[in-house]
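**Student:** What follows is a predicted protein model with its sequence.
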Amino acid sequence: MTLNFPNGSRSYDERRNYIRFWGYDSAMEVPFFLEVNALFKLDPQTRELEAGYLEVFDTALDQIHEVARKVYAQARRGAYLLAAADF
């Protein structure tokens, strides 16, 4: 099956300093966590506020989903952390 992202929901977790989003492999929900540091690699001008993080996330959504698919294909786990090194 292919990993899809029909759910546009995402949220910033200030305590863990990442953005949480979800993909789906058939009916199975797959949680992803994107480290905020990765956003600065995608856009060095990222504002260090929740709104800035989410804005860059939304702008780079296709690239983030592409990396998420690659990480997901490498090994099946319960959750996936995307770091700056993945981009």
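**Tutor:** Everything's here; your move.
**Student:** Quick one: list the elements packing against the helix ranked longest in the chain.
**Tutor:** Scanning the chain for the longest helix, with DSSP state H as the assignment, gives helix 61-74. Other helices and strands packing on helix 61-74, by 3 or more C-beta pairs under 8 Å, 6 or more residues apart in numbering; DSSP states H and E, are strand 3-4, strand 18-25, strand 28-35, strand 80-82. The way it works is simple: take the backbone N, C-alpha and C, and place the C-beta from them, glycine included.
**Student:** which residues are in contact with that helix?
**Tutor:** 2-3, 5, 21, 23, 25, 30, 32, 34, 42, 57, 80, 82, 86-87 (C-beta atoms under 8 Å, 6 or more residues apart in numbering).
**Student:** now swap in stretch 33-45 and tell me
**Tutor:** 13, 16-21, 46, 53, 56-57, 59-60, 63-64, 79-84, 86-87.
**Student:** Apply 10 Å and report the result again.
**Tutor:** Outside of stretch 33-45, the residues within contact range by C-beta atoms under 10 Å, 6 or more residues apart in numbering are 10, 12-14, 16-21, 46-48, 50, 52-57, 59-60, 63-64, 67-68, 79-87.
**Student:** I'd like the average pLDDT over that stretch.
**Tutor:** Model confidence over stretch 33-45, given as mean pLDDT, is 95.
**Student:** And it, end to end?
**Tutor:** 21 Å (C-alpha to C-alpha, to the nearest Å).
**Student:** which residues does the residue positioned nearest the centre of the chain bridge with?
**Tutor:** Nearest to the mean C-alpha position of the chain, counting by C-alpha atoms, centre = their mean, stands L34 at 4.1 Å. For L34, the beta-bridge partners under DSSP bridges are I19, L82.
**Student:** if I look at it, how far off is L54?
**Tutor:** When C-beta to C-beta, to the nearest Å is the yardstick, L34 and L54 sit 11 Å from each other.
**Student:** do N4 as well
**Tutor:** N4 sits at a distance of 21 Å from L54 (criterion: C-beta to C-beta).
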